[in-house]
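> any chance you could fold what I've pasted below:
(2 chains)
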2 protein chains.
Amino acid sequence: MDATALSEFGRRDWETDTDLEPVRFAMIGLGWWTREEAIPATEQSDRCETTVVVSGDHDKAEDVAEASERAETAITYDEFHDGAATDEYDAVYVATPNAKHLEFVVSAAEFGKAVLCEKPMEATPERARRIVEACEDEVPLMVAYRMHTEPAVRRARELVAEGAIGDPMLVHGSMSQDLLEIFSNPDQWRLDPDLSGPGASVMDLGIYPLNTARFVLDADRVGVSALARSEGEAFSNVPDEVATFEVRFDDGTLAACSASQHANRSSHLKVVGTDGEVSIEPAFFDRQNRKFELEVGGTRAELDYEQVDQMLEEFDYFAHQIRTDREIHPDGRHGLADIEAMHAVYESAERGSVVSVSGDD
Amino acid sequence: MDATALSEFGRRDWETDTDLEPVRFAMIGLGWWTREEAIPATEQSDRCETTVVVSGDHDKAEDVAEASERAETAITYDEFHDGAATDEYDAVYVATPNAKHLEFVVSAAEFGKAVLCEKPMEATPERARRIVEACEDEVPLMVAYRMHTEPAVRRARELVAEGAIGDPMLVHGSMSQDLLEIFSNPDQWRLDPDLSGPGASVMDLGIYPLNTARFVLDADRVGVSALARSEGEAFSNVPDEVATFEVRFDDGTLAACSASQHANRSSHLKVVGTDGEVSIEPAFFDRQNRKFELEVGGTRAELDYEQVDQMLEEFDYFAHQIRTDREIHPDGRHGLADIEAMHAVYESAERGSVVSVSGDD
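Coordinates of the predicted model:
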C-alpha cells in the first residue's frame, strides 16, 4: 500500500494554473438541477460565477436571480436569443430539456460564448451533429459528463490504461432510479419523446454506464444490442421504463448494461480484466460516497473516500481549460458518439437485432 | 433487525426427516470436481455415501477408490453400461464432459437408479430432451445446480417472492474465471465443442447467472440477445472467450449478464426491484464467503455468513427427497430450459439478432 495513492486520490490532475480570471456564466434552463447543483457549484468556485440566469418564465428567472449570490441579470429565452446581456457572461451552461439544447448552443456560438452543454447532448444524432458544427472552430464546447472529473472514475481509467487489471474483457454498468418518486408529476419532459428523444431510461440514465465505460476503457462503441419494456401508464410514450443493453467496444471489450426510471435507486460500474478488476459502487449519482475497489491477482483493496462536489469539479475544469486555452474533453464529437449509440440501442430494442454504430468519433 | 432472520439464515428449509437410510452413489467421471468436491461431500454426509467409482480409465478408478473412505468398487464406463455393481449403488452422480451425460443417464435409468446430473445437463437441447425422456416416470432426476440449496440464494428467492423489493425490474449477473490458469492444458474438454456444446463460457459459467436469476425470480426466460468474442488461440474452437447476454423473463424482468473463461475470477448477482434490491457478491464460486445485501426504501442491511459446503447441501437435499419420496427440484425440464436458452444465446451472438426461447418449461 502506497499512502501517496491515498492522499493524491482526489487530486485535480488537470489543474496547472490556479490564478485565473473567473468565467462568468449564463445559466440556461432553471430546473432543480441548475438551481440546486449548478448555481451552488459556481458559488463555491473561485473560477466560475453565475452572472445571468435564463428561463422561459421571466418571473422564475427573477426569483432565481434573487436567491442567488451574484446573478444580477434575469432574462427570458427570447431575450437570450436576441442577444441580451451578452457582455455580462463569457460562457453558457445549457440545462434545458434535451431537444432544446441545439437552439441555445447555436445562439451562444453566434455570440462567441463557450458552451457547457448538459448530457445527453441532444435528442437525435442529427441535432447533436448540428451542435458540433455550430461550435467547431468557433467556440469551446464541453458536454457535462460529471463522471469525467470524478476522482474514482479518473483513477479507474488510469489503472486500466496502466494495465493494472490486464486486458479489459467485460464491463458491467447500471443506473436506475424511481423517476416518479422524485418528480411526482408524470407529465414531465423526460417521459415526452418530443423533448427527451427516443426514450426515458437509456437517454437519461443509461448514458452513464455507456459513457463512463467508454471513458474508463478509452475505447469506442462499435455495436449494441438491447431489450426494453414499458408497462406502466406513465411510460406509455417511451419504450424503456426498463432496458438492458450490450455494447461491443473497438478494443474487443463487451459491456452488459442496464437502466431504469422505475426501479430502486442503484448504480454500479465494474471493469473485469484478464488479471484483475476495478469497481465503483454506487457509481453515478452525485453526493454519494463511493466504494472504490481494486482486485489484482486475488488481492483486493477497498477505498472509501469523501465524495467531491462533482459539479464544482466539472465547472472548475471547464473554466480552467478555457482560461488556459487548453483542449476540452469530453467535447462535442464525444457527446455525439453517445447519442448515436443510444439511438442504436433504441433501434436494436425495436428491431430485435444487433445494430452497428459507426466509429467516427 | 430480527435476530431470528440471522440464526435461521442457513436453515435447511427443505429438511423434514433426519433419520433416513443413506443413499449409495456411483460417481461417474472422476475429474477434480468429483474427487475434490463431490466425493468429500458424501464422506461428510450422513445421508449419502460413495460406494462405486466409475471412470474411462480403470487404473484411475482404482486410485480414486483407494483414496476414498468407503468406495470399494472401481469400474470402467463400459462395465457401468454393462450393469456392473448395480446392487452396490442406489443413485448416480454424472460429472463427465457435457456431451457424455446422456449415455450414462440412459443406462442409470435402465437400471432404475436415481440421477444427479451435473450442469449444464447436456451439450444440445436434443440430447437434454432425451435425458428428460429417459428419466420421466422412471427414475428421479435432479440437475446439480448447487445455487438452489445455497442459503443466500434461497433467502433472496424468498425475499423476492414476499415482495420485499417490490416488482423485480432488472437482474445483473456475471461469472468469470481464468480457465487456462486453473487447467494449464488448453487441450481440455471445456474448449472442445464436441464435448462441451456450442461454447465454453456461457455453457460452463453463464449458466450460473442465467439459472440463478430464473430461480430467484421464479420466472422463465422467453427471449435472449447476446454478443460474443474469441480472440485467444486457445479459444479458437469456441465463439465465447467472453460473452454478454440479455434475458427477457416472462414476468417482464430483464437481465444483463456476462461470462468469460478468460478473465479475473469474479461473480455477482443483483436483483433490482421497484422498492429495493438484493445482491450477492461473490455469488457463484464455491468455498467463498458471501456478502448478502438487502436494500429496501434506502435502508441497507449487509449480512456476512459462513458459507455452507454447497456440495454437501446439494447431495443431502437430493438424498432427502429420494428417501422421503418427494418431488425434486431442479428437475430435468428445468435443466432443459437452460440448455434451450443457452443455445439461443449462441444463436443470437452468431446471427446478430434477438432469439425467442419457448417457455414450455
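> quick one: A:T244 is in a helix?
No. Assessed with DSSP: H, G, I helix; E, B strand; the rest coil, A:T244 is strand; it does not lie in a helix.
> list the contacts for it?
Listed by Cβ atoms under 8 Å, 6 or more residues apart in numbering or on different chains, the contact partners of A:T244 are A:226-228, A:256-258, B:170, B:246, B:254-256. C-beta coordinates here come from the backbone N, C-alpha and C atoms, glycine included.
> then A:R229?
A:239-243, B:248, B:252, B:254.
> sorry, back to before: pull the most distant pair out of the contacts of A:T244.
A:A228 and A:A256 (14.8 Å; Cβ to Cβ).
> more neighbours, the two?
Per other Cβ atoms under 10 Å in any protein chain shown, whichever of A:A228 and A:A256 has more neighbours is A:A256, with 30 against 25.
> how close does that one sit to A:F245?
8 Å (Cβ to Cβ, to the nearest Å).
> same check, this time on A:A263
Counting by Cβ to Cβ, the gap from A:A263 to A:F245 is 15 Å.
> low pLDDT regions in the stretch 101-250 of chain A?
The stretch 101-250 of chain A contains no residues with pLDDT under 70.
> sorry, back to before: among the contacts of A:T244, which are in strands?
A:226-228, A:256-258, B:170, B:246, B:254-256 (DSSP state E).
> helix or strand: which one has A:E302?
strand A:299-305 (DSSP states H and E).
> need the overlap of contacts for A:A256 and A:F245.
Common neighbours of A:A256 and A:F245 (Cβ under 8 Å, 6+ apart) are B:246, B:256.
> near chain B, anything from stretch A:210-224?
Yes. Stretch A:210-224 reaches chain B (Cβ under 8 Å from any Cβ of the partner chain) through A:G223.
> check which residues of that stretch are buried.
By neighbour count on 16 or more other Cβ atoms under 10 Å in any protein chain shown, the buried set for stretch A:210-224 is A:210-217, A:219-224.
> of the contacts of A:R229, which is the nearest to A:V105?
Checking the contacts of A:R229 against A:V105 by Cβ to Cβ gives A:D240 as the nearest, at 25.7 Å.
> can you tell me how far the closest one is from chain B?
Note on A:D240: its distance to chain B, by Cβ to the nearest Cβ, to the nearest Å, is 10 Å.
> and for A:E327?
Counting by Cβ to the nearest Cβ - A:E327 and chain B are separated by 33 Å.
> what about that residue, neighbour count?
Neighbours around A:E327, by other Cβ under 10 Å: 7.
> equivalent analysis for A:G232, please.
Neighbour count of A:G232, defined by other Cβ under 10 Å: 16.
> just for the stretch 251-361 of chain A, where's the confidence low?
For the stretch 251-361 of chain A, the stretches with pLDDT under 70 are A:359-361.
> tell me the SS of A:F315?
Assignment for A:F315 (three-state DSSP): helix.
> one step back: quick check, nearest of the contacts of A:R229 to A:V115?
Closest to A:V115, out of all of these and judged by Cβ to Cβ, is A:D240, at 28.0 Å.
> pretty sure the closest one contacts A:V202?
Yes. A:D240 lies in contact with A:V202 (Cβ atoms under 8 Å); the separation is 5.4 Å.
> between those two, which contacts overlap?
Common neighbours of A:D240 and A:V202 (Cβ under 8 Å, 6+ apart) are A:228, A:259, A:346.
> of those residues, just say which sits nearest to A:S196.
Minimum distance to A:S196 across the shared contacts of A:D240 and A:V202 is 11.4 Å, recorded for A:Y346 (Cβ to Cβ).
> quick one: contacts for the residue lying closest to the closest one once chain neighbours are set aside?
Leaving out its chain neighbours, the residue that sits closest to A:Y346 by Cβ to Cβ, 6 or more residues apart in numbering or on different chains is A:P198, at 4.2 Å. By Cβ under 8 Å, 6+ apart, the contact list for A:P198 reads A:123-124, A:238-239, A:342-343, A:346.
> right, and the helix or strand after the longest helix belonging to chain A?
Longest helix in chain A by number of residues, with DSSP state H as the criterion: helix A:332-351. The helix or strand immediately downstream of helix A:332-351 is strand A:355-356, counting by DSSP H and E.
> for that following strand, the distance to its chain's centre please.
23 Å (Cα atoms, centre = their mean, to the nearest Å).
> how about stretch A:136-150?
9 Å.
> okay, now the residue lying closest to A:V296 once chain neighbours are set aside: neighbour count?
Nearest non-adjacent residue to A:V296, counting by Cβ to Cβ, 6+ apart: A:G276, 3.7 Å away. Look at A:G276: counted by other Cβ under 10 Å, it has 23 neighbours.
> again with the one 5 residues further on
Summarising burial for A:E281: neighbours were counted as other Cβ under 10 Å, giving 22.
> that one is in contact with A:E302, isn't it?
No. Judged on Cβ under 8 Å, A:E281 makes no contact with A:E302 at a distance of 10.7 Å.
> which neighbours do these two have in common?
A:291, A:293.
> return the residues in contact with the most centrally placed residue in chain A.
In chain A, the residue lying closest to the centroid (Cα atoms, centre = their mean) is A:Y145, at 2.6 Å. A:Y145 sits next to A:119, A:211-212, A:215, A:330, A:335 when contact means Cβ under 8 Å, 6+ apart.
> from the residues you listed, which is closest to B:V54?
Using Cβ to Cβ, A:T212 comes nearest to B:V54 of those, at 51.1 Å.
> break down chain A into its helices, ranges please.
A:3-7, A:32-33, A:39-44, A:58-67, A:77-81, A:101-110, A:125-135, A:151-162, A:179-182, A:193-196, A:201, A:207-217, A:310-323, A:332-351.
> just the buried ones from the contacts of A:T244, in ChimeraX syntax?
Buried subset of those, written as a ChimeraX selection, criterion 16+ other Cβ under 10 Å:
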select /A:226,227,228,256,257,258 /B:170,246,254,255,256
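> tell me the one among the contacts of A:R229 nearest to B:Q177.
Of the contacts of A:R229, the one sitting nearest to B:Q177 (Cβ to Cβ) turns out to be B:L254, at 25.3 Å.
> nearest residue to that closest one other than its sequence neighbours?
With Cβ to Cβ, 6+ apart, the residue lying closest to B:L254 is A:T244, at 4.5 Å.
> might you report the residue contacts of the residue nearest to A:R47 when sequence neighbours are not counted?
Excluding the flanking residues, the one nearest A:R47 by Cβ to Cβ, 6+ apart is A:A319, at 3.9 Å. Listed by Cβ under 8 Å, 6+ apart, the contact partners of A:A319 are A:20, A:22-23, A:45, A:47-48, A:91.
> go on, A:Q321?
A:14, A:140, A:142, A:327-328.
> same thing with A:P125?
With Cβ under 8 Å, 6+ apart, A:P125 has these contacts: A:336, A:339-340, A:343.
> same question, A:E340
For A:E340, the contacting residues are A:125, A:128, A:357-358, by Cβ under 8 Å, 6+ apart.
> now distance to A:G166 too, for those residues, in JSON lines please.
Output for the contacts of A:E340, formatted as JSON lines (distance: Cβ to Cβ, whole Å):
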{"residue": "A:P125", "distance to A:G166": "34"}
{"residue": "A:A128", "distance to A:G166": "35"}
{"residue": "A:V357", "distance to A:G166": "26"}
{"residue": "A:S358", "distance to A:G166": "29"}
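> among those residues, which one is most surrounded by other residues?
For the contacts of A:E340, the largest number of neighbours (other Cβ under 10 Å) sits with A:A128, at 29 neighbours.
> ok, it to chain B distance?
Taking Cβ to the nearest Cβ, one finds A:A128 at 25 Å from chain B.
> with A:G273 instead?
A:G273 sits 6 Å away from chain B, going by Cβ to the nearest Cβ.
> so what pairs up with that residue in the strands?
For A:G273, the beta-bridge partners under DSSP bridges are A:P168.
> okay, the residue nearest to A:R154 when sequence neighbours are not counted: pLDDT?
Once flanking residues are discounted, A:R154 sits nearest to A:D13: 6.6 Å by Cβ to Cβ, 6+ apart. Looking at A:D13, its pLDDT stands at 89.
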